[in-house]
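In: sequence isn't available, so here's the structure alone:
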């Protein structure tokens, strides 16, 4: 080793020695600092522990005084702490002895509970855990639990604590509410009425399925669009604008609109609209229930057309009867004139037999004319009806008896208190006239007795016209009311009179029948409805 | 007082016209009758304004222009509207009656079945109008 090498080693050694010394000094200093720090930590820990103690006791008071039930349990489920509310909820008391909380649960929930417990254990907490519990008094309650695990200083779980909330009622309400909601939404979905909800700018917010079907548009195609611009033409738009104004004023009503569906088909909708409000009570739009009344409208129109047609055909029928009867009468007049001229011009040349025959021709003509007149009359019984007249039958009969010819051997007595009825004056006159003339016509007694009377039979007045005339055989009781059914071949009888009578009675919602004994007399009974809410006869009144 | 009337009888039925003529002659009335078979014919006759009739007897049931239509034409004419027009009709229909009086008629006489009655009605009708003061245009 050279001197030079020794020198180098010596220097290195000296350097190392000084470095070690330096390190020792640093170490000493650090250890002193560490000591001080330890001292400080210990003080802080003491302080913290004291603080924890205080907080713990504060917490204890907090839980005890908590309104909500509070339960602390060990990891095997035995209750350690329960506040008053918890004892009240479960009806168990800690002082009763060991209470394992599993005792509160229902057997069917076991899987659910163990799963939830796992969550609690793994994550350290569980939130809004809902479970049914059975109280000591065997009441089932639904509770919501928020729970957390309590750890010891080594971070080892030692217990769990939870706050419970009795949500039995809440849940019930919620379920009811849900059921109601379900009910209404299923009504809305399934009802045959289209539902449309729009905002204040008429933009579509909601439509139900029926509305989709009615309009041909899908919900997607409609949402956000202005409803009136999709469905309406200008004329209807104006109408809708008026309705919208009403909506803005908060009123609801129904109206008809002509709309056009997706296929461009015109339809009529009956719309019941009502304003829609938000929670603040402000109008946010309107909601409308839509019913397609196109078919109804069509039927209505058809009905109108039919009625019009019927009125027309009735009128033309009447016109026809009128014209025919006059056209038939004209030749009769001519024949009568010609026959009487033959008679006049040949008075000296005609033998008695010829003159008799001519008289018979004239009588036949008369009967023919009567027949035509009565047919015309019969055809017109239903025409120009005014069934809403108040008619005093006493007055009517008094007037009538002044007009019709009553032979001296016949006495007509009319009961004093005949009622006032609602009906058609002209037709009722005709009714009484026909019946009275019949009674007079078929009187075969030396002293004829005709009586008119009336009884109240509830819904109707029942009139009776009796005579002591020749009477009618029972087999004809029905037949005589049929048209052209005269029982007697008389020149002054067409056989239509009683048909007209029957028709008039029926027009007054009544009935007619008779009692009779041959040789003794006849009583005609007929009824007239009292309070007649006669429908306005559209056909005759147009 | 008019001793005789100029009568326009508007009637399409020949026998009715015969009846009228026979009635006048059997009653030996001095009246002068002109017959028109229908409304058109009547209007033609009425064109001669210097030879207007005193009264018109009008049958309601006529071909072509019917009685009511004819009446309306008459009443819309400034001169002819003053001629008293009496309806001779078989119809006692209220509707017809009302219509006629509404337009304006001087009378409405029902044609009876019996010729004797007819003669009696015509006699009364004509004697009534004979004593009336009539406008001459």
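Out: That came through fine. Not measured: the values here are computed from a predicted model.
In: how about residue A:254, nearest residue that isn't a chain neighbour?
Out: The shortest distance from residue A:254 to any non-neighbouring residue, by Cβ to Cβ, 6 or more residues apart in numbering or on different chains, is to residue A:272 (4.5 Å). Where you see a C-beta, it was placed from the backbone N, CA and C, and this is true even at glycine.
In: that neighbour against residue A:293, yeah?
Out: No. Using Cβ atoms under 8 Å, residue A:272 is not in contact with residue A:293; the gap is 11.8 Å.
In: re earlier: so the residue nearest to residue A:254 belongs to a strand, correct?
Out: Yes. If the criterion is DSSP: H, G, I helix; E, B strand; the rest coil, then residue A:272 is within a strand.
In: which residues does it contact?
Out: A:252-254, A:288-289, A:291 (Cβ atoms under 8 Å, 6 or more residues apart in numbering or on different chains).
In: again, but for residue A:530
Out: Counting by Cβ under 8 Å, 6+ apart, residue A:530 has contacts A:421-422, A:459-461.
In: please apply the same query to residue B:65.
Out: Contacts of residue B:65 by Cβ under 8 Å, 6+ apart are B:38-40, B:73.
In: farthest-apart pair in those, please.
Out: Using Cβ to Cβ, the pair of these lying farthest apart is B:38 and B:73, separated by 12.5 Å.
In: ranking the contacts of residue A:272 by neighbours, who comes first?
Out: Tallying neighbours with other Cβ atoms under 10 Å in any protein chain shown puts residue A:288 at the head of these, with 25 neighbours.
In: can you tell me how far the closest residue in space to that residue that isn't next to it in sequence sits from residue A:243?
Out: Leaving aside its sequence neighbours, residue A:288 sits nearest to residue A:273 (Cβ to Cβ, 6+ apart; 4.4 Å). Separation of residue A:273 from residue A:243 (Cβ to Cβ, to the nearest Å): 6 Å.
In: mind listing the shared neighbours of the two?
Out: A:253, A:255.
In: the more surrounded of those two?
Out: residue A:273 (22 against 19).
In: tell me who's in contact with the more buried one.
Out: Residue A:273 makes contact with A:243, A:246-247, A:252-255, A:286-289, according to Cβ under 8 Å, 6+ apart.
In: buried sites along the top helix by length along chain B?
Out: Within chain B, and with DSSP state H defining each element, the longest helix by residue count is helix B:115-130. Residues of helix B:115-130 classed as buried by neighbour count (16 or more other Cβ atoms under 10 Å in any protein chain shown): B:115, B:118-119, B:121-122, B:125-126, B:129-130.
In: same check, this time on stretch B:41-52
Out: For stretch B:41-52, by 16+ other Cβ under 10 Å, it's B:41-43, B:45-46, B:52.
In: ditto for stretch B:103-111
Out: B:105, B:107-108, B:111.
In: would a markdown table of the residues you listed with secondary structure, distance to residue A:192 and pLDDT be doable?
Out: Listed next are the buried residues of stretch B:103-111 as a markdown table, based on DSSP: H, G, I helix; E, B strand; the rest coil; distance: Cβ to Cβ, whole Å; pLDDT from 0 to 100:
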| residue | secondary structure | distance to residue A:192 | pLDDT |
| --- | --- | --- | --- |
| B:105 | coil | 62 | 93 |
| B:107 | strand | 67 | 94 |
| B:108 | strand | 62 | 94 |
| B:111 | coil | 66 | 91 |
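In: mind listing residues that contact stretch B:94-104?
Out: Contacts of stretch B:94-104 (Cβ under 8 Å, 6+ apart): A:384, B:60, B:68, B:71-72, B:75, B:81, B:85, B:87, B:89, B:108.
In: ok, now which ones touch the residue in the stretch 351-500 of chain A that chain B sits nearest to?
Out: Nearest residue of the stretch 351-500 of chain A to chain B, counting by Cβ to the nearest Cβ: residue A:369, 4.8 Å away. Applying Cβ under 8 Å, 6+ apart, we find residue A:369 in contact with A:329, A:332, B:113.
In: let me know the closest of the buried residues of helix B:115-130 to residue A:182.
Out: residue B:121 (88.7 Å).
In: which stretches of the chain form helices?
Out: Looking at chain A here, since you left the chain open. Going by DSSP H, chain A shows helices at A:3-65, A:84-90, A:110-123, A:168-190, A:209-215, A:219-222, A:227-231, A:234-248, A:294-345, A:352-379, A:393-403, A:425-441, A:497-507, A:538-541.
In: hmm, no, I was thinking of chain B.
Out: Going by DSSP H, chain B shows helices at B:14-26, B:39-47, B:67-75, B:94-103, B:115-130.
In: what's the average pLDDT for the third one?
Out: Right, helix B:67-75. The average pLDDT for helix B:67-75 rounds to 89.
In: residues contacting residue A:190?
Out: Residue A:190 neighbours (Cβ under 8 Å, 6+ apart): residue A:209.
In: switch to 7 Å and redo it
Out: By Cβ atoms under 7 Å, 6 or more residues apart in numbering or on different chains, the contact set of residue A:190 is empty.
In: and for the one 5 residues further on?
Out: By Cβ under 7 Å, 6+ apart, the contact set of residue A:195 is A:188, A:207-208, A:211, A:289.
In: out of these, which touch chain B?
Out: The subset of the contacts of residue A:195 within reach of chain B, by Cβ under 7 Å from any Cβ of the partner chain, is empty.
In: JSON lines for these, including distance to residue A:325 and pLDDT?
Out: Shown next, in JSON lines, are those (distance: Cβ to Cβ, whole Å; pLDDT from 0 to 100):
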{"residue": "A:188", "distance to residue A:325": "65", "pLDDT": "78"}
{"residue": "A:207", "distance to residue A:325": "64", "pLDDT": "89"}
{"residue": "A:208", "distance to residue A:325": "63", "pLDDT": "87"}
{"residue": "A:211", "distance to residue A:325": "60", "pLDDT": "88"}
{"residue": "A:289", "distance to residue A:325": "57", "pLDDT": "89"}
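In: max pairwise distance over those: which two?
Out: A:207 and A:289 (11.6 Å).
In: which one of the contacts of stretch B:94-104 is nearest residue A:132?
Out: residue A:384 (81.8 Å).
In: number of nearby residues for that closest one?
Out: 15.
In: just residue A:230 next, same as before
Out: For residue A:230, using other Cβ under 10 Å, the count is 17.
In: centroid residue for chain A?
Out: With distances taken as Cα atoms, centre = their mean, residue A:193 lies nearest the centre of chain A, 10.7 Å away.
In: that residue reaches residue A:289, doesn't it?
Out: Yes. Under the criterion of Cβ atoms under 7 Å, residue A:193 makes contact with residue A:289 at 4.9 Å.
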